[in-house]
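# Here you go, sequence then predicted model.
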Amino acid sequence: MGKFGLTISEEKSKIIEFGRYACTRAKRYGRKCETFDFLGFTHFCDKSRWGNFKLGRKTSRKKFRQKMVDMNIWLKRIRNRAQLEVWWKVLGLKLLGHYRYYGMSGNSRMLQNFYHQVVRLAFKWVNRRSQRKSYNWAQFLRFIIFNPLPKPKIYHSLYNLNP
């Protein structure tokens, strides 16, 4: 790294025990298994359905919260600037972008959670376009049936050899 003039930040980096036997050792000494965040994912020690070690990944809490805050701000700004039909399509594209980045094997629960939170936010901001409520929850669900948002999907299967 010194060859390229790069240095490691001492505040942001640490050495942790990670791997096949890290969790059993940590439990033996009364500690929790260590995790680390990298590229928007929290990496942790996990087990496959056969009990073998595997690397688990899920969306980082920090990134999830930040994405929800950004989505809330965007929905608040766009609700009255454009017609619902126009920004609804853009919302679908934003969801697709999120799924394509975070759609890795083992992260489906966080993708589902993101989808449900975005639907709740969309309901909130659709109803705040005027003093009158535009939709109640049943009407909004009917609106979603006829104008569907993309459902969460795993785009990067890490355990399947087929592309």
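Structure's in. What do you need?

# CA only for contacts and neighbour counts going forward, please
Noted.

# quick one: buried residues of stretch 128-148?
Applying a neighbour-count criterion of 16 or more other C-alpha atoms under 10 Å, one finds Phe140 buried in stretch 128-148.

# Measure how far it is from the centre of its chain, please.
Taking C-alpha atoms, centre = their mean, to the nearest Å, one finds the center of stretch 128-148 at 25 Å from the center of the full chain.

# can you check stretch 33-41 too?
On the basis of C-alpha atoms, centre = their mean, stretch 33-41 sits 13 Å off its chain's mean C-alpha point.

# Over to stretch 131-149?
With C-alpha atoms, centre = their mean, you get 24 Å for stretch 131-149.

# Using CSV, list the CA coordinates for that stretch.
Extracted in CSV, the C-alpha atoms of stretch 131-149 (Å, rounded to 0.1, in the frame of the first residue of the first chain):
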residue,chain,number,x,y,z
GLN,A,131,-56.1,18.8,3.2
ARG,A,132,-58.3,15.9,2.2
LYS,A,133,-57.1,12.4,2.3
SER,A,134,-56.7,10.9,-1.2
TYR,A,135,-56.9,7.3,-0.2
ASN,A,136,-57.6,5.1,2.8
TRP,A,137,-55.5,2.0,3.2
ALA,A,138,-57.9,-0.3,1.3
GLN,A,139,-58.1,2.1,-1.6
PHE,A,140,-54.3,2.5,-1.6
LEU,A,141,-53.8,-1.2,-1.7
ARG,A,142,-56.2,-1.4,-4.7
PHE,A,143,-54.2,1.4,-6.3
ILE,A,144,-51.0,-0.7,-5.9
ILE,A,145,-52.7,-3.7,-7.4
PHE,A,146,-53.4,-1.7,-10.6
ASN,A,147,-50.1,0.2,-10.5
PRO,A,148,-47.6,-2.3,-9.0
LEU,A,149,-44.3,-1.4,-7.6
